[in-house]
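Participant: Quick one: sequence and predicted model below, then my questions.
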Amino acid sequence: MNSSSDELLTLNVGGHLYTATRSTLTCYPNSRLGSLFSGHFAPSCKDDCNRYIIDGDGRTFRHILNFMSCRKLILPDGYQDWDILLAQAKFYQITELIPLIINEQIKRRVDRTRRSPSESDSEESLHSIVHQRGRFGIPACIDVLQYIVGLKRCFARDEDLEVKKTDNILAMNDNQSQHLVENGFKMTSV
């Protein structure tokens, strides 16, 4: 007989059906799914086929479930639903996933900009992403700074992009700050 952690559960997420082990759904115990399926309390909503009903975006849930299963973010090329994915990660309270989504979004926008620079689109995108990072209180990592520097090089005018340094948005040491200043960034506190 299977242990309770290997028990297969079928979920109905926004009309989309998924099957996963209890251990996958509880791998992040502080998440909403971890709490729901940890056994501390029984999920109350089931459909007539005994599938757990989860009120979320069914199409996006596959990426959430893949992350919980593989412990990494796997998205197809050309992925566009960043706002939905980020909102769902926040809804499910998977704090480990939120910075990965933001970093991947930055990386892909920078890569796209390098291939086909569109100054206004890139600048607005970067400011939006940096603002989201601050909203979720996620410290940045050096990888994000490297992407920002790469994006900066895509702009025709150095003064068009300003990176704000706060504890919640960009956490960097003096050498990293100096590197950004040397590359034309204006460092301000907010």
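Facilitator: Okay, I see it.
Participant: how far does stretch 44-51 stretch from start to finish?
Facilitator: Its start and end residues considered, stretch 44-51 measures 11 Å (Cα to Cα, to the nearest Å).
Participant: Strands of the chain, start to end?
Facilitator: Remark: strands assigned in the chain by DSSP state E are 8-13, 16-21, 52-54, 163-164, 187-188.
Participant: Turn these into TSV, columns for mean neighbour count, distance to Asp83 and mean pLDDT.
Facilitator: (Each C-beta comes from the backbone N, C-alpha and C, glycine too.) Listed next are these as TSV, based on neighbours: other Cβ atoms under 10 Å; distance: least, Cβ to Cβ, whole Å; pLDDT from 0 to 100:
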stretch	mean neighbour count	distance to Asp83	mean pLDDT
strand 8-13	17	18	95
strand 16-21	16	19	97
strand 52-54	19	20	92
strand 163-164	18	21	44
strand 187-188	12	27	50
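Participant: Make JSON lines from the ones you listed and add distance to Ser38 to it.
Facilitator: Below are these laid out as JSON lines (distance: least, Cβ to Cβ, whole Å):
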{"stretch": "strand 8-13", "distance to Ser38": "12"}
{"stretch": "strand 16-21", "distance to Ser38": "13"}
{"stretch": "strand 52-54", "distance to Ser38": "13"}
{"stretch": "strand 163-164", "distance to Ser38": "39"}
{"stretch": "strand 187-188", "distance to Ser38": "44"}
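Participant: do you know which of those lies nearest Pro29?
Facilitator: Proximity to Pro29, assessed across those by Cβ to Cβ, is greatest for strand 16-21 (14.7 Å).
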